[in-house]
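[1] got a predicted structure plus its sequence, pasted below:
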Amino acid sequence: MPFLFQPVEIPLPPARWSCGINLMTCVFQTHVAVPETAVLQSVANLDKLVAVIECQQPEADLYRFVGRITISQQMEEIVRPLGPESLLLRGARLKNTKEIFGVAVYTGMETKMALNYKSKSQKRSAVEKSMNSFLIIYLIILLFEAILSTILKYAWQAEEKWDEPWYNGKTEHERNSSKILRFISDFLAFLVLYNFIIPISLYVTVEMQKFLGSFFIGWDLDLYHEETNQRAQVNTSDLNEELGQVEYVFTDKTGTLTENEMQFRECSINGIKYQEVNGKLTPEGFSEDSPDGNRHRLMKEEELFLKAVCLCHTVQISADQTDGADGPWHGGGTPATLEYYASSPDEKALVEAASRVGVVFTGTTGDSMEVKSLGKPERYKLLHVLEFDPNRRRMSVIVESPSGEKLLFTKGAESSILPRSKSGEIDKTRIHVDEFALKGLRTLCVAYRRFTPEEYQEVGKRLHEARTALQQREERLADVFNFIERDLELLGATGVEDKLQEKVQETIEALRLAGIKVWVLTGDKHETAVSVSLSCGHFHRTMNILELVQHKSDSTCAEQLRQLAKRIKEDHVIQHGLVVDGTSLSLALREHEKLFMEVCKNCSAVLCCRMAPLQKAKVVRLLKTSPEKPITLAIGDGANDVSMIQEAHVGIGIMGKEGRQAVRNSDYAIARFKFLSKLLFVHGHFYYIRIATLVQYFFYKNVCFITPQFLYQFFCLFSQQTLYDSVYLTLYNICFTSLPVLIYSLFEQHVHPHVLQSKPVLYRDISKNAHLGFKPFLYWTVLGFFHAFVFFYGSYLLMGEDTSLLGNGQMFGNWTFGTLVFTVMVITVTMKMALETHFWTWINHFVTWGSIVFYFIFSLFYGGIIWPFLHTQDMYFVFVQLLSSGSAWFAIILIVVACLFLDVVKKVLYRHLQPTSTEKAQMFSNRVALSDEFIALQPLSRARSQLSKIRWQKIRVQSAQQVTLLKAGPEGRTIGNC
């Protein structure tokens, strides 16, 4: 029974092994117990255990645990080390074991998982920042109007006849009150009167638009991956419009650009290259027809190489195949198909390849590992595991062979294995590794070492001392590992292929056409990363590849950067691509950050290889905080991409095979890299246009609303008399003008989606916050003031002085005048929204014309009935009286036309004389037929309607090659169950 030390109490009884699956990463990890506690198989036996656990203070590092357990047995104290392999983290599941006993070493907020809880940095979109800037400008306008009105009031009242008219005399208290207090009181009164110019409801509407609009991403059938049954996921709706502003894309390689499905392709054994042919290991140049191509036995070097692959790993076998009564090797044979689990897909691919060619890893029991070589079982005792770490870039195991020989098997990156090898075909293997890398294969080198009894005794002693140390354990272990992993005999190298995902090259090319620069950040070696970049279109064959790699000092790195900058200036016509490795990047960012940034910005594509997770985040932060402040997007699929995803303005997780940590920490999640183009060019474009118009329109309609109120003060001696009834003041933004702009911001499609995706260059028209810059803001604000002046003075000119507009000679009063201005205003701002709308649905028609009809019906009921619960009803019969005048109707029509005429003329002239690429695309999109491929972007009701038509419609066959079958269940393929 393993006795695992856990950060939370888990009262689980006995088992032999345990494979914990961390819920944060969904990665299989093997956890083992110390031998002295593993034999305690019952609660009764546990009562006899006398032990003391010493461990480090709580810390956040998930992969580091330093402790030891001192067990008292028969008057003897046994000290055993406790490391990460003995620690089961909070939130882990058990696999390949039924139950365990454990002791809690950290609890509550001191657990490693709790210490890693970190509130994600608040990401704010460029639109929100623009909104806040505009709000400050409007706040200044509000203060200006309030101060000006207060000053003009006292300037007007300087004349005695206006200060205290005969019909409105002051009280004694008012005459003796402080002038300063009166000034402040009047100033605050004007603030209250004009405060509606600040669009408070804008923030509510924006949040509704973002929340409701985010559902369209999940409903989009084009972002649904049928093979894995995964659709796009939205984790935050605050950044929808930021998808339309991306200037830099930072992407991981493995699992993001590639499938993360490793397939064994080639290997090098003892200086000879081999390939797998029909389940046999065949030397390069041989075939099954050649004399040696049909051999069934493995040579000694080949068998030793494959045994090293089968023993040096962390692979586990499914519990169903290892829980038999006799174990996996005592039942008369190996299972027909073993199902392997591994935290590394490379290890899984290598073990599976070895099993296909005759050397099969059949499982573990306790401290034994079983291997079958051509049907002959061999049991190796696992003595020590030298875990992989990113600094050493290798892992090793020490095993005892059936003959009693102590062997060290190690595998890792060629840069960490080859320098430590003293024998074997080192030069040939190095050449083969480079050849594998040029083909885009992931490479590992394999070596071994034999220990004499004296050497092993020394190794065991050093390992025990280092592992039981409570101080500087990592440093001591690193020294011991370096001592052990030396004088190696090189066995060979492996080449594993990770296939590119579908349409990666087309997606990267589309991003480039849209003006987006793509940076690939990967941990792979230089040659492999360059090969994949060329195959996926990140680097062109005609591109001049610049390299900043393998620099060990600041001086050489700086000199190389200066040479690269000079070369770029000399060859400015040619496109350049830059390759940087992690070591050189650290040197470049230390003292030559500006020079490095200058080189990078002048390159069309940048590839960073051998990158650590934190280095990825540093690169993103470097671009993010540069003077240009570009909008960045990071996309990845693994836990090592989380820091990069969180650092970028927009983080996208790929639902790949490396768990769900990237997805959970991202802002958006998609199943494949190819979906990125639809997400940016269509959804991002639409979201930005919608919310940019929403923000500008809100400020515009509030200027239209309050400016007549300000102008009215010049005609009422700045007495703070309101132009509109209080009910109209309240309902203007809530009922009369809210729905048309909200529906517009949800459904507007100013260009057909197919056109946006097929013409990525249209993405450039909205980049750099083009629709929320100062010029568009100034245009909408000036337009609002212009319309407000037309509302007010148009109505004023109609009524004039002592003008009777009714048949009985009765004249209009101030409430009728205010209602006339308000009526013209509601119709005009609603029609302005209609002019901005390109994509009309029945919902748009309903809310646009319905808002105007609702205003008229509400006003008739509100002013046509004496409501008992109202203290005063100044508006009684006012609206009915206004509509009974033919002159008022004529004025409403004339003023609305006068307001919108110039706007229509401007749109027509600009569209014909200086059309933008988007306006040209709009004319083209009018000729594009509506396709079911883009139904998910339409209103939900229309989408369901179209999908139901697809479900029942007969398919007309034009030709056998053009028929596309649509898989449908009993309910059909609907948005709800996609």
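    Nice, I can see it.
[2] C-alpha only now, for contacts and for neighbours.
    Fine.
[3] what's the burial count for the closest residue to Thr258 other than its chain neighbours?
    Excluding its sequence neighbours, the residue lying closest to Thr258 (C-alpha to C-alpha, 6 or more residues apart in numbering) is Leu500, at 4.0 Å. Counted with other C-alpha atoms under 10 Å, residues neighbouring Leu500 total 20.
[4] quick one: contacts for Leu500?
    With contact taken as C-alpha atoms under 8 Å, 6 or more residues apart in numbering, Leu500 is in contact with 257-259, 536.
[5] switch to 7 Å and redo it
    By C-alpha atoms under 7 Å, 6 or more residues apart in numbering, the contact set of Leu500 is 257-259.
[6] which of these tops the neighbour count?
    That'd be Leu257 among the contacts of Leu500, by other C-alpha under 10 Å, with 29 neighbours.
[7] which ones are touching it?
    Leu257 neighbours (C-alpha under 7 Å, 6+ apart): 500-501, 504, 673.
[8] Lys701 too?
    784, 829.
[9] return the set of buried residues in stretch 894-910.
    Neighbour-count burial for stretch 894-910 flags 895-896, 898-900 (criterion: 16 or more other C-alpha atoms under 10 Å).
[10] quick one, helices of the stretch 201-350 of the chain?
    215-219, 300-311, 319-322, 345-356 (DSSP state H, counting those that start in this stretch).
[11] okay, now the unreliable bits of the stretch 251-400 of the chain?
    Applying pLDDT under 70 to the stretch 251-400 of the chain picks out residues 287-297, 318-337, 343, 390.
[12] kindly recompute the last result at 50.
    Flagging of the stretch 251-400 of the chain using pLDDT under 50 yields the residue ranges 293-295, 322-335.
[13] the strands in it, which residues?
    258-269, 272-277, 280-283, 316-317, 340-341, 359-365, 368-373, 376-389, 394-400 (DSSP state E, counting those that start in this stretch).
[14] next, format the ones you listed as JSON lines and append distance to Leu202.
    What follows is the strands of the stretch 251-400 of the chain, written out as JSON lines (distance: least, C-alpha to C-alpha, whole Å):
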{"stretch": "strand 258-269", "distance to Leu202": "43"}
{"stretch": "strand 272-277", "distance to Leu202": "64"}
{"stretch": "strand 280-283", "distance to Leu202": "68"}
{"stretch": "strand 316-317", "distance to Leu202": "56"}
{"stretch": "strand 340-341", "distance to Leu202": "52"}
{"stretch": "strand 359-365", "distance to Leu202": "63"}
{"stretch": "strand 368-373", "distance to Leu202": "66"}
{"stretch": "strand 376-389", "distance to Leu202": "52"}
{"stretch": "strand 394-400", "distance to Leu202": "57"}
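[15] closest one to Cys704 among the helices of the stretch 201-350 of the chain?
    helix 215-219 (32.5 Å; C-alpha to C-alpha).
[16] helices or strands up against the biggest helix by length in the chain?
    Ranked by number of residues, the top helix in the chain under DSSP state H is helix 126-156. Judged by 3 or more C-alpha pairs under 7 Å, 6 or more residues apart in numbering; DSSP states H and E, the packing partners of helix 126-156 are helix 179-194.
[17] so what touches the helix it packs on?
    Counting by C-alpha under 7 Å, 6+ apart, 142, 146-147, 150, 706, 720 sit against helix 179-194.
[18] restricted to buried residues, select those residues in ChimeraX.
    The buried residues among these can be selected in ChimeraX (16+ other C-alpha under 10 Å) with this line:
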select :142,146,147,150,706,720
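[19] tabulate the contacts of helix 179-194 (a markdown table), appending distance to Val359.
    Output for those, formatted as a markdown table (distance: C-alpha to C-alpha, whole Å):
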| residue | distance to Val359 |
| --- | --- |
| Leu142 | 81 |
| Ala146 | 87 |
| Ile147 | 89 |
| Thr150 | 93 |
| Ile706 | 83 |
| Gln720 | 93 |
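[20] now for the contacts of helix 179-194: which two are most distant?
    Applying C-alpha to C-alpha across these, the maximum distance is between Thr150 and Ile706, 16.4 Å.
[21] just to revisit the earlier point, which one among the buried residues of stretch 894-910 gets closest to Trp519?
    Taking these together and measuring to Trp519 by C-alpha to C-alpha, the closest member is Leu900, at 46.9 Å.
[22] separation between the closest one and Val39?
    Counting by C-alpha to C-alpha, to the nearest Å, the gap from Leu900 to Val39 is 87 Å.
[23] what of Leu477?
    Leu477 is 27 Å from Val39, by C-alpha to C-alpha.
[24] equivalent analysis for Gln122, please.
    For Gln122, the distance to Val39 - C-alpha to C-alpha - is 50 Å.
[25] which one's more surrounded, the two?
    Between Gln122 and Val39, counting by other C-alpha under 10 Å, Val39 is the more crowded of the two (17 against 9).
[26] if we can go back for a sec, the strands of the stretch 251-400 of the chain: which one's closest to Ala692?
    So among these, strand 258-269 is nearest, using C-alpha to C-alpha, at 35.8 Å.
[27] partners of that closest one in the sheet?
    Take DSSP bridges as the rule and strand 258-269 pairs in its sheet with strand 272-277 (antiparallel), strand 488-500 (antiparallel).
[28] save these as CSV, and put in distance to Leu407 too.
    Shown next, in CSV, are the strands paired with strand 258-269 (distance: least, C-alpha to C-alpha, whole Å):
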stretch, distance to Leu407
strand 272-277, 23
strand 488-500, 11
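[29] among these, which is the most enclosed?
    strand 488-500 (a mean of 24; mean count of other C-alpha atoms under 10 Å).
[30] tell me how far that one lies from the chain's centre.
    33 Å (C-alpha atoms, centre = their mean, to the nearest Å).
[31] what sits up against the following helix or strand past that strand?
    Next helix or strand after strand 488-500 toward the C-terminus (DSSP states H and E): helix 504-513. Residues outside helix 504-513 that contact it (C-alpha under 7 Å, 6+ apart) are 257, 536-538, 673-674, 677, 760-761.
[32] coming back round to it: of the strands paired with strand 258-269, which is nearest Gly213?
    strand 488-500 (32.2 Å).
[33] not counting sequence-adjacent ones, nearest residue to Ala558?
    Per C-alpha to C-alpha, 6+ apart, closest to Ala558 is His592, 6.7 Å.
[34] how much space between Leu595 and Cys312?
    In terms of C-alpha to C-alpha, Leu595 sits 44 Å off from Cys312.
[35] same deal with Leu488?
    15 Å.
[36] same question, Ile431
    24 Å.
[37] how about Gly495?
    Relative to Cys312, and taking C-alpha to C-alpha, Gly495 is found at 16 Å.
[38] wait, Tyr341 sits on Gln316?
    Yes. Using C-alpha atoms under 7 Å, Tyr341 makes contact with Gln316 at a distance of 5.1 Å.
[39] looking at these two, which one has more neighbours?
    Gln316 (22 against 18).
[40] how far away is the more buried one from Glu352?
    For Gln316, the distance to Glu352 - C-alpha to C-alpha - is 12 Å.
[41] ok, Ala612 next?
    Distance from Ala612 to Glu352, by C-alpha to C-alpha: 28 Å.
[42] more crowded one of the two?
    Glu352 (21 against 17).
[43] now do the SS call for Leu94.
    Under the three-state scheme (DSSP: H, G, I helix; E, B strand; the rest coil), Leu94 adopts strand.
[44] beta-bridge partners for it, please?
    Beta-bridge partners, per DSSP bridges, of Leu94: Gly20.
[45] thinking again about what came up before, between Ile431 and Cys312, tell me which one has more neighbours.
    Shown here are Ile431 and Cys312; by other C-alpha under 10 Å, Cys312 has more neighbours (22 against 13).
[46] what's the more buried one in contact with, if anything?
    396-397, 409-410.
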